[in-house]
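In: Sharing a model that was predicted from the sequence below.
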Amino acid sequence: CVKPILNVETKGTKASALQNQGMKATKRKLQAFIETFGEQNFPWKAASYIIGNINYGGRVTDDWDRKALLCILDRCISKEAMYGYDGVKLFRPCSYGSRAGQPSHTVENETDSGIDLSTLHDLSFSAAIDVASNCVNDSLDPSTFGMHENAGLIVRAKQAKVLLSDVLAVQSNSSSMLSTGPDEDTSLKEQLLAAVPRLVDTEPLKSAAWAFLSVHQPISSSVKADLSNQAGDKRVKNPLWSVLMHECHRMNNLLSVIEKQLHNLGLALEGEIAMSAELEAVLLSARTNTVPKPWERAAYPSMKPLSSWMIDLAKRVHSLRTWVQFGPPKSFWLPGLFYPQGFLSALLQRHARLNRLAIDSLTFAFKVTTFREGSQIPSEAQEGAFVHGLFLESAAYDSKRRKLTASLPGHTHSPVPVIQFVPRIIADKVQAPPERQPSAKARPSAAGMSPADNSIRSRTPSSLGSPGAQNKTLFYDTPLYKTSARAGILSTTGQSTNFVIAVSLPTSEPPASWTLQGVCLLCQLDE
């Protein structure tokens, strides 16, 4: 019963990436397994490993994609996939027609609950493939494949978004869009220009008291003595000061680009200068409520429409301006930064300098607080920093049980409570099980850690529980992305530019179940 199912060929327009050398190698290996071990002793785990880590996994460069691939294969290449999960079969009972020029085939022992696939041995090989290619049940609920019922909603929402964006793209080039009067365009330009915030004044940073690390930080007495004997510019520099300076410079550059282009657009609309292709692209983007490409190149990753993008821009500027004027906040708005990985690296660097440790020996532990908003934090963190403003996609966080939980029907995103990022030495970590480590890599260098690197847990042995414990607390390494696109450019660190860090969240469900549901953390939503 294994051979015909795994030898199904995709047909017509469905022929995709499966029809390549990886698919052919997979079929040959499965054929060899069947001939060697037979159907009763078929090595499911070995087949899943070879397909996931060699035939297809060797072509996957992202650790998180490989982790998802392995979880999917573990569910599909198994006895349960053949005979059903909790009584729900992945294959539907159906009648089978014939291929062109071939007689019809019938399968005996067909029932309402499924098909006795052992009868496929009585058919020819080509006829068995014809039967298997028609028995996949495409009407099953997403939960059958380990997904949440909101998966269909997410897919339809993305399809609708793509359709609307295509319609707008076609409409923006039509004569009806280009016939908009100059008064309307001038009014639109004025509205955008009025919404652009003022530049962030970095002058107070030059004399900021927190630019250097204070001795009241929780450090050893020997380090305190050394710091107290140092004076002037020889004191330990606060890495967060450098992060803020870079963020302000990048924000001011973005604001300058926006203001300059809107000013030139106004001159072009008045006929004082020529309407260049770049200015015309800005005008068309403003009409269709999309962020202009020249602004995107100078800005942070975002998938928001232009109206929401301008509101978010004002919030980011206000956050930076507050930080400059009043010093580091009690809780940091991580999504408001251009480069959140740099902020996390600065936290580790600050801890390393104060305790005279190598930064490569540090990673993060995570403590989810009971505070829903950053403004509720009473005081700054004694270790690390509090972070707010994150969202969970395809799941929710139960503050009462302090665990991940399934999201409500129709709710694809939910806010996450304030999380404390606490630097910890890697030697103190509890090793994750092998199946939770997509690949073995070197020690992490601050943020941007791979799933295998970021497996530290702030747990006592009692919290791990015994293998048979009912209330065993597990941890799901939740990838944090800047946008819901998740995809990015592969950087020199081996990680996607859209990936920030893996945040360990407690759960009572197997971590693989959350991987199948595509659960992740986001810095911002698309609305």
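Out: Right, received. Where do you want to start?
In: Every contact and neighbour count from this point should use C-alpha atoms.
Out: Fine.
In: Run a quick neighbour tally on H388.
Out: For H388, the neighbour count with other Cα atoms under 10 Å is 22.
In: Before we move on, what's the pLDDT of the nearest residue to it once chain neighbours are set aside?
Out: Excluding its sequence neighbours, the residue lying closest to H388 (Cα to Cα, 6 or more residues apart in numbering) is V418, at 4.7 Å. pLDDT recorded at V418 is 97.
In: V418 and F366, how far apart?
Out: Look at V418 and F366: by Cα to Cα, to the nearest Å, they are 10 Å apart.
In: Neighbour count for these two, which is higher?
Out: V418 (25 against 21).
In: Wait, the more buried one touches V368, no?
Out: Yes: at 6.2 Å, V418 and V368 qualify as touching, with contact defined as Cα atoms under 8 Å.
In: Check what pLDDT R28 gets.
Out: Note for R28: predicted pLDDT of 82.
In: Can you report how many residues lie near it?
Out: 11.
In: same check, this time on the one 5 residues further on
Out: The tally of other residues near F33 (other Cα under 10 Å) stands at 19.
In: swap in E184?
Out: The tally of other residues near E184 (other Cα under 10 Å) stands at 11.
In: helices or strands next to the helix or strand where it lies in the packing?
Out: E184 is part of helix 182-195 when elements are defined by DSSP states H and E. On a contact count with 3 or more Cα pairs under 8 Å, 6 or more residues apart in numbering; DSSP states H and E, helix 182-195 meets helix 239-269.
In: With only the CA atoms kept, save the helix holding E184 in CSV.
Out: Output of helix 182-195 as CSV, limited to C-alpha atoms (Å, rounded to 0.1, in the frame of the first residue of the first chain):
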residue,chain,number,x,y,z
PRO,A,182,-3.9,68.7,-10.3
ASP,A,183,-5.9,70.1,-7.3
GLU,A,184,-6.5,66.6,-6.0
ASP,A,185,-2.9,65.6,-6.4
THR,A,186,-1.7,68.8,-4.7
SER,A,187,-4.1,68.3,-1.8
LEU,A,188,-2.9,64.7,-1.4
LYS,A,189,0.7,65.9,-1.4
GLU,A,190,0.0,68.5,1.2
GLN,A,191,-1.7,65.9,3.4
LEU,A,192,1.3,63.7,3.3
LEU,A,193,3.7,66.5,3.9
ALA,A,194,1.8,67.7,6.9
ALA,A,195,1.9,64.1,8.4
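In: Could you give the backbone dihedrals for the closest residue to E393 other than its chain neighbours?
Out: Once flanking residues are discounted, E393 sits nearest to H413: 4.6 Å by Cα to Cα, 6+ apart. The phi/psi pair for H413 (degrees, to the nearest 10) reads phi -130, psi 150.
In: next one: D477
Out: Main-chain dihedrals, D477, degrees, to the nearest 10: phi -70, psi 100.
In: Contact partners for P510?
Out: When contacts are counted by Cα atoms under 8 Å, 6 or more residues apart in numbering, P510 touches L474.
In: what is the mean pLDDT for the helix holding E184?
Out: In this model, helix 182-195 carries a mean pLDDT of 88.
In: Can you mark which positions in it are buried?
Out: For helix 182-195, a neighbour-count test (16 or more other Cα atoms under 10 Å) marks 185-186, 189, 192-193 as buried.
In: And the contacts of it?
Out: Identification of contacts with helix 182-195 by Cα under 8 Å, 6+ apart yields 259, 262, 265-266, 269, 283, 286, 310, 314.
In: for this structure, where's the lowest mean pLDDT among helices and strands?
Out: helix 461-464 (a mean of 30; mean pLDDT, DSSP states H and E).
In: Return the backbone torsion pair for L362.
Out: According to degrees, to the nearest 10, L362 has phi -110, psi 150.
In: Once you drop chain neighbours, what's closest to it?
Out: I425 (4.6 Å).
In: A286 contacts W295, doesn't it?
Out: No: judged on Cα under 8 Å, A286 makes no contact with W295 at a distance of 11.6 Å.
In: who has more neighbours, those two?
Out: A286 (19 against 15).
In: okay but I72 is in contact with L516, surely?
Out: Yes: with contact defined as Cα under 8 Å, I72 and L516 form a contacting pair (6.7 Å).
In: burial of L404, as a residue count?
Out: Quick note: L404 (other Cα under 10 Å) scores 21 neighbours.
In: In which helix or strand does it reside?
Out: L404 belongs to strand 403-405 when assigned by DSSP H and E.
In: That strand pairs with which strands, parallel or anti?
Out: In the sheet, strand 403-405 lines up against strand 396-398 (antiparallel) (DSSP bridges).
In: ok, residues contacting the strand it pairs with?
Out: Strand 396-398 has contacts (Cα under 8 Å, 6+ apart) with 403-407, 413-416.
In: Now with 7 Å, please.
Out: Under the contact criterion Cα atoms under 7 Å, 6 or more residues apart in numbering, strand 396-398 has outside partners 403-407, 414, 416.
In: Show me the one in those residues that has more neighbours than the rest.
Out: When neighbours are taken as other Cα under 10 Å, the top entry among these is V416 (23 neighbours).
In: ok now do that residue, which residues does it touch?
Out: Neighbours of V416 in contact, by Cα under 7 Å, 6+ apart: 390-392, 397.
In: Kindly recompute the last result at 8 Å.
Out: Counting by Cα under 8 Å, 6+ apart, V416 makes contact with 372, 388-392, 396-397.
In: Most widely separated two among those?
Out: Across the contacts of V416, no pair lies farther apart than H388 and A396, at 15.3 Å, counting by Cα to Cα.
In: Strands of the stretch 301-450 of the chain, residue ranges please.
Out: All strands of the stretch 301-450 of the chain, identified by DSSP state E, counting those that start in this stretch, fall at 331-333, 362-368, 385-388, 391-393, 396-398, 403-405, 413-415, 419-425.
In: so what secondary structure elements neighbour the last one?
Out: Yep, that's strand 419-425 we're talking about. If you count contacts as 3+ Cα pairs under 8 Å, 6+ apart, strand 419-425 packs onto helix 340-355, strand 362-368, strand 385-388.
In: The longest one packs against which elements?
Out: It refers to helix 340-355. Under the contact definition 3+ Cα pairs under 8 Å, 6+ apart, helix 340-355 sits against helix 239-269, strand 362-368, strand 419-425, strand 499-507.
In: what helices or strands is the longest one leaning on?
Out: I take that to be helix 239-269. Helix 239-269 packs on helix 182-195, helix 277-287, helix 293-298, helix 306-326, helix 340-355, going by 3+ Cα pairs under 8 Å, 6+ apart.
In: then the second one to PDB, C-alphas only?
Out: In PDB, the C-alpha atoms belonging to helix 277-287 read as follows (Å, rounded to 0.1, in the frame of the first residue of the first chain):
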ATOM      1  CA  ALA A 277       9.900  58.800 -13.300                       C
ATOM      2  CA  GLU A 278      10.700  58.600  -9.600                       C
ATOM      3  CA  LEU A 279       8.300  61.400  -8.700                       C
ATOM      4  CA  GLU A 280       5.600  59.900 -10.900                       C
ATOM      5  CA  ALA A 281       6.100  56.600  -9.000                       C
ATOM      6  CA  VAL A 282       5.600  58.500  -5.700                       C
ATOM      7  CA  LEU A 283       2.500  60.100  -7.000                       C
ATOM      8  CA  LEU A 284       1.000  56.800  -8.200                       C
ATOM      9  CA  SER A 285       1.800  55.100  -4.900                       C
ATOM     10  CA  ALA A 286       0.100  57.900  -3.000                       C
ATOM     11  CA  ARG A 287      -3.000  57.500  -5.200                       C
END
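In: Buried residues, that helix. List them.
Out: Neighbour counts over helix 277-287 (16+ other Cα under 10 Å) mark 279, 281-287 as buried.
In: what's the most distant pair in these?
Out: L279 and R287 (12.5 Å).
In: Sounds good, over and out.
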